[in-house]
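> need coordinates for the following:
(2 chains)
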Amino acid sequence: MAGGQERVLRRRIKSVNATKKITKAMELIAASQISRSQQRIASNRPFRVGMASLIVEAASANKAVAEKMLGVPENPKSITIVCIVGDRGLSGAYNSSVLRATERLIAEKTANGAQVSLITVGKKAPSYFRFRGFEVAESFQGFSDKPEFENARAVATAIAQPFTNGEVDQVLLVSTNYLSAATQQVAISQLLPLLGPDDGAEGEQQSSKQAGPAGYTEFEPDVEHLLAELAPKAVEAEVFAALLEGAASFHASQQRAMAAATENAEELARTLTRTMNRARQDAITTEIMEIVGGAEALRPSKGA
Amino acid sequence: MAGATFAANLVCPERALFEGRASAVSCRTSDGLITVQNLHTPFVADVLPGVVTIETGSEVLRVLVHGGFLQVATGPGLDTEAEGLGSTVTVLAGVAELVGEIDLARAEVAKSGAEAALSALNSSNDDEHAAAKRQSIEGDLARAELRIATASK
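Reported below is the predicted structural model:
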């Protein structure tokens, strides 16, 4: 009986160790992906900064046009919400925190009387929302690990078309900001209409630094046409940046989750080994007792 | 002409293709061909698909861009390396590649693929998604043709 218990424990330890190997491997892969994703974010930065300063310059040149085309709409009737998550799980709270934030946002906007449509990126999103009875208007998947600009363009086209047709008043983006390897933050930002220089703190700083004396800049074609042309490009850039940050955040959370899983597996294997050793020792002791007892019983008694 | 250089950048979302000093940058805008030299007036324009040339003192860099924007900032302190007045010229392109690096074989494949997809779309034309689809395929086709035309020149 005791030997049976030992065998069961041995099997469990083996399976825990196998799991540990897998989580360790996933941890290492994720760690190597983090630095690559970080690099891609860094090489995307000049483009992002350039786009931002372009919008700021165009907006500050013609305030009337800017007010019409930029800024936060006061009472949007129809809103598109874009949420960016990963294609795979096993990444801690990365997917679920974005999904929960999106769900909250949908509930809030619906309560305010707005019509909400949902566009998702990442395999994990459609099933989550379908289970909860939200309709997903369009979903993209298959590139969350290593997004290309091509992918961002496809997403941006799906977003921008209804907006330029006037069917949608506002487009909001729910994604994860990659602050550092240790901190990622779910963020809600406005994609369309474009944020003017007064709406974003980041843009404001750049305007004072980058653009020279305002009002002297020549535009070709005029500001209105330029902004109309700029808007879809800016959305592409924003979506691409969000995809890159999402990928980096995904890898960072996965690395953390897998490191914790490896540690847990180690701990479990240690306790199981201890239990197994005790069981074996018990078995051995019992066996010796039985032998000694048997021998004692067989020995002819001195007195007889 | 020494000293007439300015800071020039050509960036696309994946990387910066050019960052450094240049003496002239030329590209096609919707109003025609334009060449920007040092101390050009502050200027913002759209860039049409085509070749952007960046002349540095010693060489000429040719980059194929598939549409983008040109920004010229001129003013005191705007060129980090020059004292006083200076210019920084930035070309933002969604897709850009050095002319020498164009993959002609890939462009040919993309072109025939796009043409096939387009004719398949023409024969089916069923739903409202067709318009958006057609637009994206036509974009692919235009890009492939532009690559072929530029590379085989």
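> check which element follows the helix or strand bottoming out on mean pLDDT in chain A along the chain.
Within chain A, no helix or strand scores below helix A:201-209, which has a mean of 42 by mean pLDDT, DSSP states H and E. Note on helix A:201-209: by DSSP states H and E, the next helix or strand toward the C-terminus is strand A:218-220.
> for that next one, enumerate the helices and strands it packs against.
When contacts are defined as 3 or more C-beta pairs under 8 Å, 6 or more residues apart in numbering or on different chains; DSSP states H and E, strand A:218-220 packs onto strand B:43-47. All C-beta spots, glycine's among them, are computed from the backbone N, C-alpha and C.
> what mean pLDDT does the strand it packs on have?
For strand B:43-47, the mean pLDDT works out to 88.
> identify all contacting residues around that strand.
Applying C-beta atoms under 8 Å, 6 or more residues apart in numbering or on different chains, the contact partners of strand B:43-47 are A:54, A:57-58, A:217-221, A:226, A:229, B:27-31, B:34, B:36, B:65, B:67-72, B:91, B:93.
> surely A:Thr217 touches A:Ala59?
No. Using C-beta atoms under 8 Å, A:Thr217 is not in contact with A:Ala59; the gap is 11.4 Å.
> what helix or strand is residue 57 located in?
Picking chain A for this. Element membership of A:Glu57 [criterion: DSSP H and E] is helix A:2-61.
> got the confidence number for A:Ser53?
The score at A:Ser53 is 84. That number is its pLDDT.
> pretty sure it contacts B:Thr88?
No. Applying C-beta under 8 Å as the test, A:Ser53 and B:Thr88 come out as separate, 10.0 Å apart.
> higher neighbour count, these two?
A:Ser53 (22 against 19; other C-beta atoms under 10 Å in any protein chain shown).
> who are the packing partners of the longest helix anywhere in chain B?
Longest helix in chain B by number of residues (criterion: DSSP state H): helix B:129-151. In terms of contacts (3+ C-beta pairs under 8 Å, 6+ apart), helix B:129-151 is packed against helix A:149-164, strand B:60-65, helix B:104-124.
> what average pLDDT does it get?
For helix B:129-151, mean pLDDT rounds to 79.
> orientation of it relative to helix B:104-124 in degrees?
150 degrees (axes from the mean of the first three to the mean of the last three C-alpha atoms, to 10 degrees).
> please save the CA atoms from stretch A:10-28 in PDB.
Once non-C-alpha atoms are left out, stretch A:10-28 reads as follows in PDB (Å, rounded to 0.1, in the frame of the first residue of the first chain):
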ATOM      1  CA  ARG A  10       6.800  10.100  -8.200                       C
ATOM      2  CA  ARG A  11       4.500  10.500 -11.200                       C
ATOM      3  CA  ARG A  12       3.200  13.800 -10.000                       C
ATOM      4  CA  ILE A  13       6.700  15.200  -9.500                       C
ATOM      5  CA  LYS A  14       7.600  14.100 -13.000                       C
ATOM      6  CA  SER A  15       4.700  15.900 -14.500                       C
ATOM      7  CA  VAL A  16       5.300  19.100 -12.400                       C
ATOM      8  CA  ASN A  17       8.900  19.100 -13.600                       C
ATOM      9  CA  ALA A  18       7.800  18.700 -17.200                       C
ATOM     10  CA  THR A  19       5.400  21.700 -16.800                       C
ATOM     11  CA  LYS A  20       8.300  23.600 -15.200                       C
ATOM     12  CA  LYS A  21      10.400  23.000 -18.200                       C
ATOM     13  CA  ILE A  22       7.700  24.300 -20.500                       C
ATOM     14  CA  THR A  23       7.000  27.500 -18.500                       C
ATOM     15  CA  LYS A  24      10.800  28.100 -18.200                       C
ATOM     16  CA  ALA A  25      11.200  27.900 -22.000                       C
ATOM     17  CA  MET A  26       8.200  30.200 -22.500                       C
ATOM     18  CA  GLU A  27       9.700  32.600 -20.000                       C
ATOM     19  CA  LEU A  28      13.000  32.700 -21.900                       C
END
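> buried residues in that stretch, which are they?
A:13, A:16, A:19-20, A:23-24, A:26-27 (16 or more other C-beta atoms under 10 Å in any protein chain shown).
> tabulate those (TSV), appending distance to chain B and pLDDT.
TSV is the format used below for the buried residues of stretch A:10-28 (distance: C-beta to the nearest C-beta, whole Å; pLDDT from 0 to 100):
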residue	distance to chain B	pLDDT
A:Ile13	47	94
A:Val16	42	95
A:Thr19	37	94
A:Lys20	37	95
A:Thr23	32	94
A:Lys24	32	95
A:Met26	27	93
A:Glu27	28	93
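> does chain A sit close to the strand or helix carrying B:Ile54?
Element membership for B:Ile54 (DSSP H and E) is strand B:50-55. No. Under the criterion of C-beta under 8 Å from any C-beta of the partner chain, chain A is not reached by strand B:50-55; the shortest gap measures 14.4 Å.
> what's the offset of that strand from the middle of its chain?
Chain-centre distance of strand B:50-55: 8 Å, with C-alpha atoms, centre = their mean, to the nearest Å.
> what comes up buried for it?
B:50-52, B:54-55.
> in a markdown table: the helices and strands packed on helix B:129-151, plus distance to A:Glu267, mean pLDDT and mean neighbour count.
Below are these laid out as a markdown table (distance: least, C-beta to C-beta, whole Å; pLDDT from 0 to 100; neighbours: other C-beta atoms under 10 Å in any protein chain shown):
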| stretch | distance to A:Glu267 | mean pLDDT | mean neighbour count |
| --- | --- | --- | --- |
| helix A:149-164 | 40 | 86 | 19 |
| strand B:60-65 | 56 | 88 | 19 |
| helix B:104-124 | 51 | 82 | 13 |
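> to A:Ser97, which of those lies closest?
helix A:149-164 (20.6 Å; C-beta to C-beta).
> who does the helix or strand just after that closest one touch, helix- and strand-wise?
Downstream of helix A:149-164, the first helix or strand assigned by DSSP H and E is strand A:170-178. Where contact means 3+ C-beta pairs under 8 Å, 6+ apart, strand A:170-178 is packed against helix A:2-61, strand A:78-84, helix A:94-111, strand A:184-192, helix A:223-298.
> strand A:170-178 to strand A:184-192, inter-axis angle?
Strand A:170-178 runs at 150 degrees relative to strand A:184-192, counting by the same axes, to 10 degrees.
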